[in-house]
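Student: need a 3D model of the following:
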Amino acid sequence: MSIARASDYDLPRLATAVGESLRLIGGLEAIVRPGDRVFVKINHLPPPSPPERGIITHPVFAEAVLRLLKSAGAEITVGDEIEPGATDGFSVSGFRQMCQRVGVRLINLREEGFVATECKGYFLETVYRSRTAIEADVIVNLPKLKTHALTVFTGGVKNMYGTIPVNLRRRLHGDYPRSEDFSRMLTDIFSGVRPHLTVMDGIVAMEGEGPSGGGLRDLGVVLASRDAVALDAVATKIIGMDPMDIGTTRYAHERGLGVGRLDSIDVAGHSIESVAVRDFRLPASAARTILSRIPAPLSRFAVGQFSVRPRVVKQRCTACAECVRACPTGAITIKDKTAGIDRGTCIECMCCHEVCRFDAIVTELPAVGNAVSTIADTVRKLAGR
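Tutor: Just a heads-up that it's a prediction; the model follows:
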């Protein structure tokens, strides 16, 4: 895989960096032939948001990749599975305008439907997958480098979750609320729609309580690989984590779906050390993965304190009801123009936190968990991890 540098979303500079990242892994011609039907999977997390929020794959980043694919003679379809609304989500994000400018097809994956396919996964035996993705000759995966309140990190493997229907995604959140099980399920999905090329937007990343409520962090990197698992492993090392602490990376590696161990990954271009950051803010859930490696009985006590849960900040709530629609168990209701969470029904899947665009739903730990989290974060920084 490769690491290239790009300081911002200036198209000419970004095109040079993306082109270099692809050259370092053998060139686009080794992956795409003239006339190939190429499906480009972007990260267009609902509800829609403008690119400066750092929640979605930046449309200019995608444009740099698309122009190279057009030069290779590909027949391109760009898409993600998003819910229709009163406004055109692709226009809000800028993808509609960008794809028209480049002259490529942009679709909501539900437009072409989903097909029931055999999965043979750890949990899933069959799953509905995007017809567009299934019928493509080549899948190009364009994830955004972000943290995630439930899975700690979201990258190349998790981005393929968007190739299944949104209602099914909600149901699976309810079926597998534990981070470990949810990560195994994500690996099941990934096993059936493995991309041929993954190029990660790491120009401006999201740290803290991602994938939508965190802070923005300038990293200035473009990562490219034919192995999405290897790419995720390198990305997590750049932000200071052990790749094997990320469930999707660990389980995909164990299943032979990619390489997750750094000592088996060849990195071209810039080194990991030259672009790594030591003070990247991780989500609260990261402390649980770190402390799980502490010998018992301390680990049993510590890990038990890391049940991350959502909390409504009433002053920020606009009663938009996106959280109500996203909740797989119906735990959220709007009362007196404010969202409320029923603790008895909440399964702590963090779907509400993921869709809130007003930072009105935040994550919190029990008091003991907060204290241990601070200690774990300090240990991680001192260790240079």
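
Student: name the residue closest to the centre of the chain, please.
Tutor: Computing the C-alpha centroid of the chain and ranking residues by CA atoms, centre = their mean puts Thr154 first, at 3.1 Å.

Student: report pLDDT for the residue lying closest to that residue once chain neighbours are set aside.
Tutor: Using CB to CB, 6 or more residues apart in numbering and skipping the chain neighbours, the partner closest in space to Thr154 is His148 (4.2 Å). Using the backbone N, CA and C atoms, a C-beta is placed for each residue, glycine as well. With respect to pLDDT, His148 scores 96.

Student: what sits against His148?
Tutor: 154, 158, 210-211, 283, 285 (CB atoms under 8 Å, 6 or more residues apart in numbering).

Student: phi, psi of it?
Tutor: phi -150, psi 130 (degrees, to the nearest 10).

Student: can you list the residue ranges for strands in the stretch 251-385 of the chain?
Tutor: Applying DSSP state E, counting those that start in this stretch to the stretch 251-385 of the chain gives strands spanning 268-269, 309-312, 332-335, 338-341, 361-364.

Student: okay, now the sheet partners of the last one, with direction.
Tutor: Here strand 361-364 is paired, per DSSP bridges, with strand 309-312 (antiparallel).

Student: how is the protein carved up into domains?
Tutor: Per the record, the chain has its domains at 2-275, 285-382, by automatic domain parsing.

Student: buried deepest among the ones you listed, which one?
Tutor: Mean neighbour count (mean count of other CB atoms under 10 Å) peaks for domain 2-275 among the domains of the chain, with a mean of 20.

Student: from start to finish, how long is that one in a straight line?
Tutor: In domain 2-275, first residue to last residue: 12 Å (CA to CA, to the nearest Å).

Student: one more: stretch 171-181?
Tutor: Note: stretch 171-181 ends 14 Å apart using CA to CA.

Student: please apply the same query to stretch 207-220.
Tutor: One end of stretch 207-220 to the other measures 14 Å (CA to CA).

Student: could you check how far it is from the centre of its chain?
Tutor: Taking the mean of its C-alpha atoms, stretch 207-220 sits 12 Å from the chain's own mean (CA atoms, centre = their mean, to the nearest Å).

Student: who touches that stretch?
Tutor: Residues contacting stretch 207-220 (CB under 8 Å, 6+ apart): 5-8, 45, 49, 53-55, 144-149, 154, 202-206, 238-239, 275, 277, 280-284, 353-357, 359, 361-363.

Student: restricted to helices, list the residues you listed.
Tutor: 238, 275, 353-355 (DSSP state H).

Student: out of those residues, who's nearest Leu24?
Tutor: Nearest to Leu24, judged by CB to CB, of the ones in helices among the contacts of stretch 207-220 is Val275 at 14.1 Å.

Student: for the nearest residue to the closest one once chain neighbours are set aside, name its beta-bridge partners.
Tutor: Excluding its sequence neighbours, the residue lying closest to Val275 (CB to CB, 6+ apart) is Val221, at 5.2 Å. Beta-bridge partners for Val221, by DSSP bridges, are Arg5, Gly202.

Student: tell me who's in contact with Val221.
Tutor: Residues near Val221 by CB under 8 Å, 6+ apart: 3-6, 145, 200, 202-203, 238, 270, 275.

Student: which parts of the stretch 101-250 of the chain are strands?
Tutor: Assigned by DSSP E, counting those that start in this stretch, the stretch 101-250 of the chain shows strands spanning 105-108, 114-118, 126-130, 138-142, 144-148, 152-154, 197-207, 215-225.

Student: could I get the ones you listed as CSV with distance to Gly19?
Tutor: Below are the strands of the stretch 101-250 of the chain laid out as CSV (distance: least, CB to CB, whole Å):
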stretch, distance to Gly19
strand 105-108, 23
strand 114-118, 34
strand 126-130, 28
strand 138-142, 14
strand 144-148, 19
strand 152-154, 26
strand 197-207, 11
strand 215-225, 10
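
Student: so which of those is nearest Val60?
Tutor: Closest among those, using CB to CB: strand 197-207, at 9.0 Å.

Student: run the angle between the closest one and strand 144-148 for me.
Tutor: Angle, strand 197-207 to strand 144-148, by axes from the mean of the first three to the mean of the last three CA atoms, to 10 degrees: 50 degrees.

Student: so for strand 197-207, mean pLDDT?
Tutor: pLDDT averaged over strand 197-207 gives 98.

Student: so what's the residue lying closest to Arg129 once chain neighbours are set aside bridging to?
Tutor: Leaving aside its sequence neighbours, Arg129 sits nearest to Thr117 (CB to CB, 6+ apart; 5.2 Å). Counting by DSSP bridges, Thr117 forms beta bridges with Val127.

Student: quick one: contacts for Thr117?
Tutor: 126-129, 134, 192.

Student: export those residues to TSV and tack on pLDDT and distance to Ala64?
Tutor: Formatted as TSV, those follow (pLDDT from 0 to 100; distance: CB to CB, whole Å):
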residue	pLDDT	distance to Ala64
Thr126	95	37
Val127	96	32
Tyr128	97	32
Arg129	97	27
Ile134	97	26
Gly192	94	28
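
Student: restricting to C-alpha, output stretch 79-89 in CSV.
Tutor: Output in CSV follows, covering the C-alpha atoms of stretch 79-89 (Å, rounded to 0.1, in the frame of the first residue of the first chain):
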residue,chain,number,x,y,z
GLY,A,79,-23.1,6.0,-5.3
ASP,A,80,-24.2,5.2,-1.8
GLU,A,81,-27.4,4.0,-0.1
ILE,A,82,-29.1,7.1,1.3
GLU,A,83,-32.7,7.8,2.5
PRO,A,84,-34.7,10.2,0.2
GLY,A,85,-35.8,13.4,1.8
ALA,A,86,-37.3,16.8,1.2
THR,A,87,-33.9,18.0,-0.1
ASP,A,88,-31.5,16.2,-2.5
GLY,A,89,-28.8,14.9,-0.2
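
Student: state the mean pLDDT of it.
Tutor: When pLDDT is averaged along stretch 79-89, the result is 90.

Student: cool, thanks, signing off.
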